[in-house]
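Novice: below are the sequence and a predicted model for it; my questions follow.
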Amino acid sequence: MIKDTTIFRESKSHGSRDYPIEYYEHDVPESYCQMQPHWHEEFEITKITLGSLIYRIGQEDHLVQEGDLLIITSDTLHAAHQLDNRRAHTSTIVFHLNLLGLEQMDRCTKKYIEPYTQKKTVPTPVIHPDHPLYQKLLGCLEEIWQYKDPHHGNELLVKAALFRLFYHLWELAPTPSSQVYSPEALRNIERLKPVLTYIHEHYAEPMTIEELASISGFSSVHFMNIFKKVLDTPCMEYILSYRINAASQALKETDAPIMKIALENGFQNIPYFNRSFKAHLGCTPSQYRKYYQK
């Protein structure tokens, strides 16, 4: 089976500055087999519309199935991967809380919206269909999708549905943030974020554990242990996966020679690139290109 990966960079824009909301549909495995650990400032709500996936939210793994809703708060590390070669489909809304007045900070925003940005309020990350508030949350989500085209006053209807959604999230009796991240884990994540940003910006360049550890302020051994614990993957494996993802995108979207793509994405020789690519995606770079450009 042809495999693929998708990595969302922190710098990715979701919507526009004056209307910061975006809608995504993902088919698995076409869109990805493994979504690498990442975070963003925006709030994210996902519905599993087909099949099953493993989602890692914070430091917990969740088996999610058709119908489940995922609530991923701002700056929360999350990842996903295909389950046993099964097909799946997800519908996702990503929006910045500025859309709901976070910058103005009136009483409602300060009381009900801001806590999500400071991890003072952390809702249950997975809402199953048998949850008593499921239908209310789903109704809000469906209305947001229904009015996604920003014209004829639809923006007002989307904002109204988002405010109702946050009211129902408030009803969920949020769990203390310490149950999602311990204070130590939060500190470790903050120290790793500059490392991830550096990797995303310099992945095509040589880099060492010592160099990355110095960015985080950890010793090399401690850095490797913390990285594995927080992201559930060794640091060098994360870098390799990121490079392969970037190379796979170039193979799909350009006609550049395979050697050029390998070199531009951090691989110093073709044999290693071919072996690594096949180990991660189940086929050689040339087979991958032929499959996606046929």
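Specialist: That came through fine. Numbers count the residues shown, from 1 in each chain.
Novice: after the host helix or strand of residue 143, next one along is what?
Specialist: Element membership of residue 143, judged by DSSP states H and E, is helix 134-146. Under the assignment DSSP H and E, the closest C-terminal helix or strand after helix 134-146 is helix 154-171.
Novice: least confident secondary structure element in this protein?
Specialist: strand 5-6 (a mean of 38; mean pLDDT, DSSP states H and E).
Novice: what helices or strands is the strand or helix carrying residue 89 leaning on?
Specialist: Assigned by DSSP H and E, residue 89 belongs to strand 88-95. Helices and strands touching strand 88-95, by 3 or more Cβ pairs under 8 Å, 6 or more residues apart in numbering; DSSP states H and E, are strand 21-28, strand 43-50, strand 52-57, helix 134-146. C-betas here are computed from N, CA, C, even on glycine.
Novice: packing partners of the helix holding residue 143?
Specialist: strand 43-50, strand 69-72, strand 88-95, helix 154-171.
Novice: quick one: buried residues of the last one?
Specialist: Residues 155, 158, 159, 161, 162, 164, 165, 166, 168, 169 are the ones in helix 154-171 that count as buried (16 or more other Cβ atoms under 10 Å).
Novice: what is that helix packed up against?
Specialist: By 3+ Cβ pairs under 8 Å, 6+ apart, helix 154-171 packs against helix 134-146.
Novice: other residues contacting the helix it packs on?
Specialist: 23, 45, 47, 69, 91, 93, 127-128, 157-158, 161-162, 164-165, 168-169 (Cβ atoms under 8 Å, 6 or more residues apart in numbering).
Novice: okay, the angle between it and strand 43-50?
Specialist: 100 degrees (axes from the mean of the first three to the mean of the last three Cα atoms, to 10 degrees).
Novice: now do helix 134-146: distance to the chain's middle.
Specialist: 21 Å (Cα atoms, centre = their mean, to the nearest Å).
Novice: could you pull up the mean pLDDT of that helix?
Specialist: Mean pLDDT, helix 134-146: 95.
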